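Enquirer: Any chance you could fold what I've pasted below:
(chains A and B)
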There are 2 protein chains.
Amino acid sequence: MNANDAYAKLMAHSRASADIASTLSLLSWDQQVMIPPAAHAGRAGQIGALTAILHRRASDPAMGEWLAACESSELTGDAASPQAANIRELRRDFDQAAKIPESLAVALAQAASTGQRAWELARKDNDFTAFAPHLGTLLELSRQKAEALGYAGEAYDALLDLFEPGETVAAIAPILAELRDAATDILARVADAPKPAPLPAGPYPMAAQERLLRQTTARIGLPDTSSRLDVSTHPFSTLIGPGDARITTRFDEADFTKAFFGAVHETGHALYSLGHSGPAHYGSPMGEAASFAVHESQSRLWENQVARSLPFWQHALPLAAREFPQLAGLSPEDIFKAVGATQPGLIRVDADETTYNPHIVLRFELELALIRGDLAVADLPGAWNEKSQAILGLTPPTDALGCLQDVHWSTGAFGYFPTYSLGNIYAACLFEAAGKAIPDLPARMAAGDFAPLLTWLGQAIHEKGRLLRPRALLTAATGQAPTAGPLVRHLKAKASAIYGVGW
Amino acid sequence: MNANDAYAKLMAHSRASADIASTLSLLSWDQQVMIPPAAHAGRAGQIGALTAILHRRASDPAMGEWLAACESSELTGDAASPQAANIRELRRDFDQAAKIPESLAVALAQAASTGQRAWELARKDNDFTAFAPHLGTLLELSRQKAEALGYAGEAYDALLDLFEPGETVAAIAPILAELRDAATDILARVADAPKPAPLPAGPYPMAAQERLLRQTTARIGLPDTSSRLDVSTHPFSTLIGPGDARITTRFDEADFTKAFFGAVHETGHALYSLGHSGPAHYGSPMGEAASFAVHESQSRLWENQVARSLPFWQHALPLAAREFPQLAGLSPEDIFKAVGATQPGLIRVDADETTYNPHIVLRFELELALIRGDLAVADLPGAWNEKSQAILGLTPPTDALGCLQDVHWSTGAFGYFPTYSLGNIYAACLFEAAGKAIPDLPARMAAGDFAPLLTWLGQAIHEKGRLLRPRALLTAATGQAPTAGPLVRHLKAKASAIYGVGW
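Expert: Down below sits the predicted model:
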């Protein structure tokens, strides 16, 4: 077969699969935001029908023939070309899909579905034993999946690679340990320092929060013409199709910062989604996100490096004070310090910038031990509590507030957690590099001008799609291989500014 | 192949197709209600990908084998059984899909897509000549489609049968003529009678309209748990999946009756959709609507026979007056008369009960002449204006208000219009029969108790799905073959009550 014909067929196949996958995103968005309560059972059938079609397309033998025709042609001659990247990434996706037997894929999907439901009930009832058999099944199937996929080092690597191409236990364990130790160091130093004053008490009326939030996301650069903001129980961001990135939030009238930083976080995801899915590449790997960690880097950068910074509040405080009179007497420094305070807590999703990564280390070490078989499912609650005391200095009073707090394991997503911390690391690397490329960035942010930063991120990350694997992408964007250094510097500088501690 | 296995495979195939088709409904609902403006182009790709999958599934040769295995078995022994109906209707659908070559299906879809866009512009610019070539293409392709499908009488029958199984020109032409003559008769008699007073002027605030409307649709029997009400430019009803029927409306603060009767109309559609798609049969023909006319009968019955009746306003006026103080001095008779007044107009969608059917006769006669080749596309505007004068006594000042007013022909939907009048006829037949089955129906309606009527319709129509073809379904429901008689009686009785004219 002619290589150009084969490439055209590959692209058409990829585009149609993207159209089906994005329709699945709509089914899911609608289920979380719009669906009437009686329709959930029917929605499962719709999602199942489309998922089955996608699975069959992903391992369609014709893909193998088209890929072979392309790989032996000059289309892959320039490894840095979009065509070569598309062929390389479609090969990766096809091999992964083809390696997993349909029976295993179906068993995993079913175990994830029943596992998630069992987890919801177990968490509500604080009953780990009700969830334990599901976790055991998911672990066993995930080990089978790892064996089917293959690995050079250990089984966990195969699972991690699905979320973060190229990463291994050997590569990430030391980085995560570095983050854990940095957090321990910072927490020890600030322990006896005077704490910043908390923000004034609510109420922060929902309508006012929504106005401020819409103003902020628009100012950051998320256009109304290609996005929506809605309310859902669990805030999320999703790309429904080209030109259609939707975010959700949840309002708490006692504390406007929850919805505010949450929505800025989701805006970061949405900006990346819109940036990589432009008309030139939508429907091919070049039009897709590079990895979960790169995605998280975009949300964390806008949430933490931007929206929790002093320059940002020089811009945003007058707008916030117009909506919330109780903020009128505050200075930008006051609000910067209040939203930057650090305090260990039991719940990951409520953690601050400094204590977030230790939560990830805890989960990574436990899921690694579970996959390796070094930790029995029945021993998980005890191991969790012990490690929580060692890393965070806190022992959860219940499993619901401990090893049952996150949904991830109930869907079999082992290997996902590390991408959160890698995302935090990448965010700090990128923001440091952006600061060098845009010398007046703090002044621009203080003036509410975020366009230079968004443009820089667009060119460095968004428009690159899957052209490069995550670490290579970061290296190309920042001029050096990513390390934990910039994030540790960022956290220490913040501790110094807020608590007056030094190193 | 074992017949029971074949039937199980047929049902699974049908269910998965229903899941894909209902996902298409969600894509369309979202596009009309929720989508950000930049996403329309991408949405077309998603709709295209799913439509292509559905088309391939509909003519999948495996269906032919399963059907043959079922048809030669005892599964079809009892023709009145759900299994036999499912096999009969799947055979109909499969044969129709298999008869139309893929090239023709693609050409029709493309012509419909470009035709609709051309029509939108032509109507805006009042430029029929810009639309004429598209109409010519759509007619030629529709004639090819009729030939591919085959027919006993004439080509138009094949197109009509797609919307209304079993109907023919020979069968419907006399009924439509009867409705036209009845309208002419009524209009002549009321011409010199004193006109009822119109409703008080607005404003009717949107929020108050929405409250009244939600109260009304809930009272009629559309539960919040399995429906939504949203706003869209063109009001519609759609079944998104089992337990998920959504309606839309559009508010006009000068006239609350537009949104009110529109939403009651869509509620009638939604109640039928929920009624036929219950868990026992969803995903098979037994879980589908019997025809377009039967669907329209459900919307028209609630809109016209119920919500425009005197008993209804005995119940609803106090609720309406609580929202709209300007209604406080009115009697139920006043509002019954105001919303029942008749007056010929140029626009079909604004027509009252009496003048609506003449609009359909006009379109039916013209599209029949176009398909037959008796009328050239270029002569359509003149023929429309002439017929409009003859039937409605009005000549449109522009084509935008004449032959360009409806979207249907621009999508190639020849044969659709008659289902509107058949729906009106069926609504009157059903309401007359319901009145016999529920002797105190007017009193129940005046008390705001619509449950007996909904229950009767559910048993007579909704739960029957496609068990019977439309006329047989109506005959079984009412005890006699459907005729125009009940509708003509209904319209004359209303003219007598409002204008004091007699026969």
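Enquirer: Return the residues of the stretch 251-400 of chain A in contact with chain B.
Expert: A:282, A:283 (C-beta under 8 Å from any C-beta of the partner chain). Heads up, the C-betas are built off the backbone N, CA and C, glycines and all.
Enquirer: can you map out the helices along the stretch 251-400 of chain A?
Expert: Ranges of helices within the stretch 251-400 of chain A are A:256-276, A:292-300, A:310-323, A:332-338, A:353-372, A:380-392, based on DSSP state H, counting those that start in this stretch.
Enquirer: Break down the stretch 101-250 of chain A into its helices, ranges please.
Expert: Going by DSSP H, counting those that start in this stretch, the stretch 101-250 of chain A shows helices at A:102-125, A:128-149, A:155-163, A:169-190, A:206-220.
Enquirer: okay, the most centrally placed residue in chain A: pLDDT?
Expert: Centroid-nearest residue in chain A: residue A:296, 3.6 Å away (criterion: C-alpha atoms, centre = their mean). With respect to pLDDT, residue A:296 scores 98.
Enquirer: Pretty sure it sits against residue A:418.
Expert: No. In this structure, residue A:296 is not within contact of residue A:418 by C-beta atoms under 8 Å, at 10.4 Å.
Enquirer: Over in the stretch 251-400 of chain A, which residue gets nearest chain B? Let me know.
Expert: residue A:282 (7.3 Å; C-beta to the nearest C-beta).
Enquirer: surely that residue meets residue B:42?
Expert: Yes. Using C-beta under 8 Å, residue A:282 is in contact with residue B:42, at 7.3 Å.
Enquirer: Overlap of the contact sets of the two?
Expert: residue A:242 (C-beta atoms under 8 Å, 6 or more residues apart in numbering or on different chains).
Enquirer: that older thread, excluding its backbone neighbours, what's nearest the residue nearest to the centre of chain A?
Expert: Sequence neighbours aside, residue A:423 is the residue nearest to residue A:296 in space, at 2.5 Å (criterion: C-beta to C-beta, 6 or more residues apart in numbering or on different chains).
Enquirer: just residue A:431 next, same as before
Expert: Closest to residue A:431 by C-beta to C-beta, 6+ apart is residue A:305, at 4.0 Å.
Enquirer: Can you name the residues that contact the one you found?
Expert: A:427, A:428, A:431, A:490.
Enquirer: Report the separation between it and residue B:54.
Expert: Here residue A:305 is placed at a distance of 46 Å from residue B:54 (C-beta to C-beta, to the nearest Å).
Enquirer: Scan chain A for its longest helix.
Expert: helix A:3-33 (DSSP state H).
Enquirer: how distant is that one from the center of its chain?
Expert: 21 Å (C-alpha atoms, centre = their mean, to the nearest Å).
Enquirer: Would it count as contacting chain B?
Expert: Yes. Counting by C-beta under 8 Å from any C-beta, contacts between helix A:3-33 and chain B involve A:15, A:16, A:19, A:20, A:22, A:23, A:26, A:27, A:30.
Enquirer: what would these look like in TSV with neighbour count and pLDDT?
Expert: Rendered in TSV, the data for those read as follows (neighbours: other C-beta atoms under 10 Å in any protein chain shown; pLDDT from 0 to 100):
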residue	neighbour count	pLDDT
A:15	16	96
A:16	20	95
A:19	25	96
A:20	20	96
A:22	24	96
A:23	28	96
A:26	23	97
A:27	23	96
A:30	22	96
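Enquirer: Please convert these to TSV, extending it with distance to residue B:82.
Expert: Output for those, formatted as TSV (distance: C-beta to C-beta, whole Å):
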residue	distance to residue B:82
A:15	40
A:16	35
A:19	35
A:20	32
A:22	36
A:23	31
A:26	33
A:27	29
A:30	31
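Enquirer: Among these, find me the one that's closest to residue A:131.
Expert: residue A:27 (26.4 Å; C-beta to C-beta).
Enquirer: I figured that closest one hits residue A:50, correct?
Expert: Yes. If you go by C-beta under 8 Å, residue A:27 and residue A:50 touch, sitting 7.0 Å apart.
Enquirer: Residues in contact with both of these two, list them for me.
Expert: With C-beta under 8 Å, 6+ apart as the test, residue A:27 and residue A:50 both reach residue B:23.
Enquirer: re earlier: what score does the residue nearest to residue A:296 have for pLDDT?
Expert: Taking residue A:423 on its own, its pLDDT is 98.
Enquirer: That one: which element?
Expert: helix A:418-437 (DSSP states H and E).
Enquirer: re the thing from before, which residue, neighbours along the chain excluded, lies closest to the residue of the stretch 251-400 of chain A closest to chain B?
Expert: Residue A:282 sits nearest to residue A:242 (C-beta to C-beta, 6+ apart), 4.5 Å away.
Enquirer: which residues touch that neighbour?
Expert: Residue A:242 neighbours (C-beta under 8 Å, 6+ apart): A:277, A:278, A:279, A:282, B:39, B:41, B:42, B:45.
Enquirer: Residue A:17 is in contact with the last one, correct?
Expert: No. Contact status for residue B:45 versus residue A:17: not in contact, 11.5 Å apart, counting by C-beta under 8 Å.
Enquirer: Residues that sit against both of those two, list them.
Expert: With C-beta under 8 Å, 6+ apart, residue B:45 and residue A:17 have common neighbours residue A:283.
Enquirer: any idea how chain A splits into domains?
Expert: A:3-152, A:169-195+A:345-419, A:206-342+A:429-493 (automatic domain parsing).
Enquirer: Of those domains, which is nearest residue B:186?
Expert: It is, among the domains of chain A and with distance given as C-beta to C-beta, domain A:3-152, at 41.3 Å.
Enquirer: What's the end-to-end length of the closest one?
Expert: Domain A:3-152 stretches 32 Å from its first residue to its last (C-alpha to C-alpha, to the nearest Å).
Enquirer: what about the nearest residue to residue A:18 once chain neighbours are set aside, how many residues close to it?
Expert: Once flanking residues are discounted, residue A:18 sits nearest to residue A:283: 4.1 Å by C-beta to C-beta, 6+ apart. Using other C-beta atoms under 10 Å in any protein chain shown, residue A:283 has 24 neighbouring residues.
Enquirer: what do you get for residue A:197?
Expert: 11.
Enquirer: pretty sure it is in contact with residue A:334, am I right?
Expert: Yes. With contact defined as C-beta under 8 Å, residue A:197 counts as touching residue A:334 (6.8 Å).
Enquirer: From residue B:37, how far off is residue A:242?
Expert: 13 Å.
Enquirer: again but with residue A:325, I slipped
Expert: 35 Å.
Enquirer: Kindly export stretch A:153-170 (C-alpha atoms) in PDB.
Expert: Taking only C-alpha atoms (Å, rounded to 0.1, in the frame of the first residue of the first chain), the coordinates of stretch A:153-170 have been written out as PDB:
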ATOM      1  CA  GLY A 153      11.800  -2.800  35.100                       C
ATOM      2  CA  GLU A 154       8.800  -3.900  37.100                       C
ATOM      3  CA  ALA A 155       5.000  -4.400  36.600                       C
ATOM      4  CA  TYR A 156       4.100  -1.000  38.000                       C
ATOM      5  CA  ASP A 157       6.100   0.700  35.300                       C
ATOM      6  CA  ALA A 158       3.700  -0.700  32.600                       C
ATOM      7  CA  LEU A 159       0.700   0.900  34.500                       C
ATOM      8  CA  LEU A 160       2.500   4.200  35.100                       C
ATOM      9  CA  ASP A 161       3.500   4.400  31.400                       C
ATOM     10  CA  LEU A 162      -0.200   4.400  30.400                       C
ATOM     11  CA  PHE A 163      -0.600   7.800  32.200                       C
ATOM     12  CA  GLU A 164       2.900   9.100  31.800                       C
ATOM     13  CA  PRO A 165       4.700   7.800  28.800                       C
ATOM     14  CA  GLY A 166       8.300   6.700  29.600                       C
ATOM     15  CA  GLU A 167       8.200   7.100  33.300                       C
ATOM     16  CA  THR A 168       9.300   4.400  35.700                       C
ATOM     17  CA  VAL A 169       9.400   3.700  39.400                       C
ATOM     18  CA  ALA A 170      13.200   4.100  39.300                       C
END
